[in-house]
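Participant: Using only what follows, build the 3D model:
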Amino acid sequence: MTRPRVHAVMDADAFALLFDDARCTRFAELADTADRMLITDLDAPSVAALLAEAEVLITSWGAPRLDAERLNRMPRLRAVLHAAGSVQTLVSDEFWARGIRLTSAVDANAVPVAEFTLGAILLSGKRTFTRLRSADPTWSAWQDRRIGNVDRTVGLVGFSRIGRRVAELLWPFDGIRVLVADPYADADAVAAAGATLVPLEEMLPRVDVMSLHAPSLPATRHMIAADQLAALPDGATLINTARGALLDHDALLAECRTGRLDALLDVTDPEPLADDHPLRALPNVAITPHLAGSLGTETRRLADAALDELAAYAAGAAARHPITRDELTISA
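Facilitator: Okay, the predicted model is just below:
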């Protein structure tokens, strides 16, 4: 196995978070780093000679867009291994034109998001988020007929890597039915994950919980707006761990102000919401500060995924999780 010239390109805080001593050791075993494992500024004149010899970049948070000017400084670049999720802001037309191999740790990043979503779904069944902020001393769980996780229907909007994993995590809960709405999903694949594929308009009036897992694209902006929210049944909970732009927050505010719907928002538009945004004051709306994605020790999965891709590249093997240009038209 050859040792290609490789550098990590990300901000220093991201590198320190992803690459502990054990992962730095593995990095050094797999790659020739020319004694410069991390580059935080691709445009610095001091790294020009290093970049001219670079064959592989491991990128993550803080990496700049790989446009024609930067790529011209890296004539030997053959692969970019992204130790994070979305690559939308990383690649350019020139990148694709050069046929550079691209991989992402999006599958690894899906794990904590799906786990967070599972917890949110089960806790919403117990009305947990609503009651945490309620000042009503007379409320009794015994009198709330909407409470519980038996005979419940969960709707997943988007059968992405995360949506698929959420469906699979829900499978053991025999009191929960799972519906999926995604125009690009295969019905057999959805069924294999323990769910049923339906059109969005059919899903909406049937769900107790609706969880968003679609990518943020121009076509999906405000895909859940006034009409979709109005179609949800009274007492339904909306969970968003995807992107804030999928949801019309003004329409959500109007519905939640009536008390008809509950919401858990881990992402918002804008992010974060202003401190005085009226959604923050509602007892039936819980807002968490983008906790679902990889944090802390979870980020090491992203480093492991990139290093696994580096090992495959160095061995002349196929990429484990390749990203294609066509895929980015329907995913993040």
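Participant: Return the residues in contact with residue 42.
Facilitator: Residue 42 makes contacts with 9, 51, 63, 64, 70, 73, as judged by C-beta atoms under 8 Å, 6 or more residues apart in numbering. Placement of C-beta: from N, CA and C, glycine included.
Participant: Residue 212 against residue 222, yeah?
Facilitator: No - applying C-beta atoms under 8 Å, one finds residue 212 not in contact with residue 222, separated by 11.7 Å.
Participant: can you pull out the helices in the stretch 51-200 of the chain?
Facilitator: Ranges of helices in the stretch 51-200 of the chain, per DSSP state H, counting those that start in this stretch, are 68-72, 93-97, 106-125, 128-133, 161-170, 187-192, 200-203.
Participant: just to revisit the earlier point, show me just the buried residues among the contacts of residue 42.
Facilitator: Neighbour counting by 16 or more other C-beta atoms under 10 Å classes 9, 51, 63, 70, 73 among those as buried.
Participant: Among these, give me the pair with the biggest separation.
Facilitator: Taking C-beta to C-beta as the measure, those span a maximum distance of 14.5 Å, between 63 and 73.
Participant: For burial, what's the neighbour tally of residue 182?
Facilitator: Per other C-beta atoms under 10 Å, the neighbour tally for residue 182 reads 21.
Participant: and the buried ones among the contacts of residue 42 as JSON lines, adding distance to residue 190 and pLDDT?
Facilitator: Output for those, formatted as JSON lines (distance: C-beta to C-beta, whole Å; pLDDT from 0 to 100):
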{"residue": "9", "distance to residue 190": "37", "pLDDT": "98"}
{"residue": "51", "distance to residue 190": "44", "pLDDT": "97"}
{"residue": "63", "distance to residue 190": "34", "pLDDT": "97"}
{"residue": "70", "distance to residue 190": "40", "pLDDT": "97"}
{"residue": "73", "distance to residue 190": "45", "pLDDT": "97"}
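Participant: In strands only, show me those.
Facilitator: Using DSSP state E, the members of the buried ones among the contacts of residue 42 that fall in strands are residue 9.
Participant: how about a markdown table for the buried ones among the contacts of residue 42, with distance to residue 16 added?
Facilitator: Formatted as a markdown table, those follow (distance: C-beta to C-beta, whole Å):
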| residue | distance to residue 16 |
| --- | --- |
| 9 | 14 |
| 51 | 22 |
| 63 | 15 |
| 70 | 24 |
| 73 | 26 |
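Participant: buried stuff in stretch 42-54?
Facilitator: 42, 47, 50, 51, 54.
Participant: ignore the last one, stretch 240-251
Facilitator: Neighbour counts over stretch 240-251 (16+ other C-beta under 10 Å) mark 240, 241, 242, 243, 244, 245, 246, 247, 248, 249, 251 as buried.
Participant: right, and the pair among those residues with maximum separation?
Facilitator: Maximum distance among those (C-beta to C-beta): 18.9 Å, for 241 and 251.
Participant: if I look at residue 98, how far off is residue 48?
Facilitator: Separation of residue 98 from residue 48 (C-beta to C-beta, to the nearest Å): 19 Å.
Participant: Go through the helices and strands of the chain and name the one with the lowest mean pLDDT.
Facilitator: helix 128-133 (a mean of 76; mean pLDDT, DSSP states H and E).
Participant: Which secondary structure state does the closest residue to residue 221 other than its chain neighbours sit in?
Facilitator: Distances taken as C-beta to C-beta, 6 or more residues apart in numbering place residue 245 nearest to residue 221, at 5.0 Å, with adjacent residues excluded. Counting by DSSP: H, G, I helix; E, B strand; the rest coil, the backbone at residue 245 sits in helix.
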